[in-house]
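Asks: sequence and computational prediction follow.
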2 protein chains.
Amino acid sequence: MTDAFHDAGPRRDSSSVTLQDIAAHAGVSRSTVSLVLRESPLVAERTRERVRHSIKALGYVYNRGAAALRASRTSTLGVVVYDIANPFFGAMVAGIDAALNREGYVSFLANSEDSPDRQQRFLERMREHRVDGILLCPAQGTDPSLIETLQHWNLPCVQVLRHVGSLPFDYAGTDFRLGVSLAIDHLVEQGHRRIAFIGGHAEHSATQERWQGYREVLAQHGLDYQRLLRSTVTRRDGFEAIRHLLKEHPAPTAVVCHNDMVAFGAMLGLQRLGLTPGQDCAVIGTDDVEEAALSAPALTSIATHPYAIGQEAARLALRRIKNPNGAREQVVLSPQLRVRESCGASAHCGEVLLPVS
Amino acid sequence: MTDAFHDAGPRRDSSSVTLQDIAAHAGVSRSTVSLVLRESPLVAERTRERVRHSIKALGYVYNRGAAALRASRTSTLGVVVYDIANPFFGAMVAGIDAALNREGYVSFLANSEDSPDRQQRFLERMREHRVDGILLCPAQGTDPSLIETLQHWNLPCVQVLRHVGSLPFDYAGTDFRLGVSLAIDHLVEQGHRRIAFIGGHAEHSATQERWQGYREVLAQHGLDYQRLLRSTVTRRDGFEAIRHLLKEHPAPTAVVCHNDMVAFGAMLGLQRLGLTPGQDCAVIGTDDVEEAALSAPALTSIATHPYAIGQEAARLALRRIKNPNGAREQVVLSPQLRVRESCGASAHCGEVLLPVS
DNA sequence: ATGCGTTTTTGGATTGATCTAAATCTAGAA
DNA sequence: TTCTAGATTTAGATCAATCCAAAAACGCAT
């Protein structure tokens, strides 16, 4: 069929230089070259120089696969998110990438599309590739026993943003409860008494934390109006939810949303009803994605710092790999409230609202 | 320092089962087990069953690292993008992921942050990991010789979206020239005669194609107004560009933007000047990100289908890996114009404008 | 020159798979 | 029963590194 000779191409692949070749060139043994490559202090300075020279001269390329086989460490991590097209996860992955890069690690990325099956298949593949650890944003409906399974596999796993299974486990995320509390405190201060919450499904820890925060903080303020709309978390959901809510009696005067997408939908819904977000009804989102500052009106949002979460999660994973039996850690960052027009803050001029990025 | 005994933990790692163990359990040789794993037709059905049974019984985990060492194929790809936080690339990566998954491939992802140095470091690491190929969105300022270098490294590389170096090379992207042409044709049809273009830097192929399209199509329509503003491609740039343009005499009546971010900025700029996008000045973006349909007013945009581009790029890479010396291919998808309010289309009711996702 | 304690260096085994070519086992024909 | 072509199976080498324990080289005092 195909011409094997041509297909193979010239096999003068420079990457076929091995430790053996360098050893011969430098007049030392394979072992010594290996030590030089790993920066061992055992090797004498003169020898080290000579070997380094040979490595350059022959254009040697380190074979991590071979090294991993013997040393059983691959400098490799698996990362599973459920929606890479979401800018929040984009920023998070950027944070992970930056933190890993610094340590010479490299990561496999998979997009589970919130399917436990896809997630499972990927994790199995990661095991076959002998990754040193996993960063996992569990897909919706993930069986809690997955975390145990990974443990049996001897695969360190840091959960990110959401968590399943029971403590103790490694986790990096944000304090959703605090976020909701900041938002409600602010709204109450502004005189709001009927505050609704839109979005989320009870299965996630991330949703439960928000809802719990919502209920507790209302109680703290002694407010008895409570309205919690569960839904998926797209713009459409926000759009429909707000229309629904405003038909009720009494209607809320403010809504806190599961994420910024829902909040954008809610604002659009208000506008289609001829109402002005921030005046007729306050809207607060969660995440503070880039768009939040730039919508019209600008969206007040609970900033959850995805880049920082990614960094923390990656660092925690590296710590766990170094020390597999150390105490499990939960790194929970504090969100911040970014007050803008959508909850009644006065409109600023455009320049102030435009971030540099 | 640390307690080595505890740190190491119980080493009854189930993944230490090897071909050897299965061979013993099933009463065959290592080679036979290997053949079964690779679905070779050489093995007799009865034997195959027996081996399969042993594999399950012992909880064997395939070691791809070891296999790769011998077979010199890793089923692994390196993916380099320059801004993973950009939703466009998020969608593209999702497309890549889906296409690779189907073939049992898995991908390393790196975010070059548009830095040739970071990009270079990552590519070198990929070489050490012996990836079978690379998907590269070249960072701004990438030396064109990089493509040759990769060829010397014997590393198949598909460029995506942007390209450097000279033909022939493998490439997957969109027809930016056609996109601009669709936009301008539409604007001209609507009666516009002064159409500006905002954004881009001459270094990229992707920008050059847009600009060339802009100039050529204006010429085709016999228009002599031509105004091309180079800039980076953020909202801020769009915001500032439109303010600048509207001070000129004559001012443009329509602008086509390098991407949707710039277009959003331009719309915001118009609004801050008290003008209405689509009425006082038409605005068209590029990419058709999810937000485009949902902004107020909804943004007309040239849809570039990032998910499809990702899929095509991944498939092309797999083809090239199978046949390294085959003819180089350029897969160029056709964009489509999504007409919405920002270029004067009448406003629809909210429901119609809300996509399901 | 000899002995002794460090430094350095090294050979051989090991990691877990694949590849090759040769060894077996069939079943049907002579 | 023997032979043979085709179907199965296998031993041993190999891929490119690391690990380990032992060997060699070295400096210095005796």
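Replies: Thanks, I have it.
Asks: now do the strands in the stretch 101-250 of chain A.
Replies: Per DSSP state E, counting those that start in this stretch, the stretch 101-250 of chain A carries strands over the ranges A:106-111, A:133-136, A:157-160, A:170-174, A:195-198, A:227-229.
Asks: neighbouring strands for the last one, and are they parallel or not?
Replies: Strand A:227-229 has the following sheet partners, assigned by DSSP bridges: strand A:195-198 (parallel).
Asks: next one: the third one
Replies: Partners of strand A:157-160 in the sheet, by DSSP bridges, are strand A:133-136 (parallel), strand A:170-174 (parallel).
Asks: please convert those strands to JSON lines, extending it with mean neighbour count and distance to DNA strand C.
Replies: Every C-beta, even on glycine, is put in place using the N, C-alpha and C of the backbone. Below are these laid out as JSON lines (neighbours: other Cβ atoms under 10 Å in any protein chain shown; distance: least, Cβ to the nearest atom of the strand, whole Å):
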{"stretch": "strand A:133-136", "mean neighbour count": "28", "distance to DNA strand C": "19"}
{"stretch": "strand A:170-174", "mean neighbour count": "25", "distance to DNA strand C": "26"}
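Asks: as JSON lines, the ones you listed with mean pLDDT would be great.
Replies: Formatted as JSON lines, these follow (pLDDT from 0 to 100):
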{"stretch": "strand A:133-136", "mean pLDDT": "97"}
{"stretch": "strand A:170-174", "mean pLDDT": "96"}
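Asks: can you redo the ones you listed as CSV with distance to residue B:112?
Replies: Formatted as CSV, those follow (distance: least, Cβ to Cβ, whole Å):
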stretch, distance to residue B:112
strand A:133-136, 20
strand A:170-174, 24
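Asks: and the residue nearest the centre of chain A?
Replies: residue A:92 (4.0 Å; Cα atoms, centre = their mean).
Asks: and it, that's in a strand?
Replies: No - read with DSSP: H, G, I helix; E, B strand; the rest coil, residue A:92 is helix and lies in no strand.
Asks: if we can go back for a sec, out of the strands of the stretch 101-250 of chain A, the one nearest residue A:269 is which?
Replies: strand A:195-198 (10.2 Å; Cβ to Cβ).
Asks: and the closest one, how far out from the chain's middle?
Replies: Centroid displacement of strand A:195-198 relative to its chain, using Cα atoms, centre = their mean, to the nearest Å, is 26 Å.
Asks: stretch A:334-341 now?
Replies: With Cα atoms, centre = their mean as the basis, the mean position of stretch A:334-341 lies at 20 Å from the chain mean.
Asks: how about the CA coordinates for it, as CSV?
Replies: Extracted in CSV, the C-alpha atoms of stretch A:334-341 (Å, rounded to 0.1, in the frame of the first residue of the first chain):
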residue,chain,number,x,y,z
SER,A,334,-11.9,34.4,50.5
PRO,A,335,-14.0,36.0,47.8
GLN,A,336,-14.5,39.8,47.6
LEU,A,337,-17.5,41.8,46.7
ARG,A,338,-17.0,44.1,43.7
VAL,A,339,-19.7,46.7,44.0
ARG,A,340,-20.9,48.2,40.7
GLU,A,341,-24.0,49.7,39.2
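Asks: buried residues, it. List them.
Replies: A:335, A:337, A:338, A:339, A:340, A:341 (16 or more other Cβ atoms under 10 Å in any protein chain shown).
Asks: these two touch, right, the second one and residue A:184?
Replies: It stands for residue A:337. No - Residue A:337 is beyond contact range of residue A:184, at 10.1 Å (criterion: Cβ atoms under 8 Å).
Asks: one step back: dump the strands of the stretch 101-250 of chain A to TSV, plus distance to residue B:81.
Replies: Below are the strands of the stretch 101-250 of chain A laid out as TSV (distance: least, Cβ to Cβ, whole Å):
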stretch	distance to residue B:81
strand A:106-111	11
strand A:133-136	18
strand A:157-160	20
strand A:170-174	23
strand A:195-198	33
strand A:227-229	36
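Asks: would you list those in CSV and tack on distance to DNA strand D?
Replies: What follows is the strands of the stretch 101-250 of chain A, written out as CSV (distance: least, Cβ to the nearest atom of the strand, whole Å):
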stretch, distance to DNA strand D
strand A:106-111, 16
strand A:133-136, 18
strand A:157-160, 23
strand A:170-174, 25
strand A:195-198, 53
strand A:227-229, 54
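Asks: chain center to the helix or strand where residue A:57 lies, what's the gap?
Replies: Using DSSP states H and E, residue A:57 sits within helix A:45-58. With Cα atoms, centre = their mean as the basis, helix A:45-58 stands 42 Å off its chain's centre.
Asks: buried residues of the helix or strand just after that helix, list them for me.
Replies: The helix or strand immediately downstream of helix A:45-58 is helix A:64-71, counting by DSSP H and E. Neighbour-count burial for helix A:64-71, counted by 16+ other Cβ under 10 Å, picks out A:64, A:65, A:66, A:67, A:68, A:69.
Asks: with stretch A:135-151 instead?
Replies: For stretch A:135-151, by 16+ other Cβ under 10 Å, it's A:135, A:136, A:137, A:138, A:139, A:140, A:142, A:146, A:147, A:150.
Asks: ok, back up a step: so which of the buried residues of helix A:64-71 reach DNA strand D?
Replies: A:66, A:67, A:69 (Cβ under 7 Å from any atom of the strand).
Asks: thinking again about what came up before, mind checking if the helix holding residue A:57 is in reach of chain B?
Replies: No - using Cβ under 8 Å from any Cβ of the partner chain, helix A:45-58 stays clear of chain B, with a minimum separation of 13.0 Å.
Asks: in that helix, which residues are buried?
Replies: For helix A:45-58, by 16+ other Cβ under 10 Å, it's A:47, A:48, A:50, A:51, A:54, A:55, A:58.
Asks: just the closest of these to DNA strand C, please.
Replies: Among these, residue A:47 lies closest to DNA strand C (Cβ to the nearest atom of the strand), at 3.3 Å.
Asks: measure stretch A:292-305 end to end?
Replies: 13 Å (Cα to Cα, to the nearest Å).
Asks: off-centre distance for that stretch?
Replies: 19 Å.
Asks: and what of stretch A:256-276?
Replies: On Cα atoms, centre = their mean, the centre of stretch A:256-276 falls 25 Å from the chain's centre.
Asks: cool, and stretch A:274-281?
Replies: 33 Å.
Asks: do stretch A:23-35 as well
Replies: Using Cα atoms, centre = their mean, the offset of stretch A:23-35 from its chain centre is 43 Å.
Asks: how's chain A carved up into domains?
Replies: A:4-62, A:75-174+A:307-333, A:176-304+A:337-353 (automatic domain parsing).
Asks: can you show me the helices along chain A?
Replies: Taking DSSP state H as the test, the helices found in chain A are A:4-8, A:19-26, A:30-37, A:45-58, A:64-71, A:87-102, A:116-128, A:145-152, A:176-189, A:205-220, A:235-246, A:260-272, A:306-322, A:350-353.
Asks: need the CA coordinates for the longest one. PDB is fine.
Replies: Read that as helix A:306-322. C-alpha atoms of helix A:306-322 as PDB (Å, rounded to 0.1, in the frame of the first residue of the first chain):
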ATOM      1  CA  PRO A 306     -10.200  31.500  39.500                       C
ATOM      2  CA  TYR A 307      -6.500  32.100  38.600                       C
ATOM      3  CA  ALA A 308      -5.500  32.000  42.300                       C
ATOM      4  CA  ILE A 309      -7.600  28.900  42.900                       C
ATOM      5  CA  GLY A 310      -5.900  27.200  40.100                       C
ATOM      6  CA  GLN A 311      -2.500  28.100  41.500                       C
ATOM      7  CA  GLU A 312      -3.300  27.000  45.000                       C
ATOM      8  CA  ALA A 313      -4.800  23.700  43.700                       C
ATOM      9  CA  ALA A 314      -1.700  22.900  41.700                       C
ATOM     10  CA  ARG A 315       0.600  23.800  44.600                       C
ATOM     11  CA  LEU A 316      -1.300  21.600  46.900                       C
ATOM     12  CA  ALA A 317      -1.100  18.700  44.500                       C
ATOM     13  CA  LEU A 318       2.600  19.100  44.300                       C
ATOM     14  CA  ARG A 319       2.900  19.100  48.100                       C
ATOM     15  CA  ARG A 320       0.800  15.900  48.300                       C
ATOM     16  CA  ILE A 321       2.900  14.200  45.700                       C
ATOM     17  CA  LYS A 322       6.000  15.000  47.700                       C
END
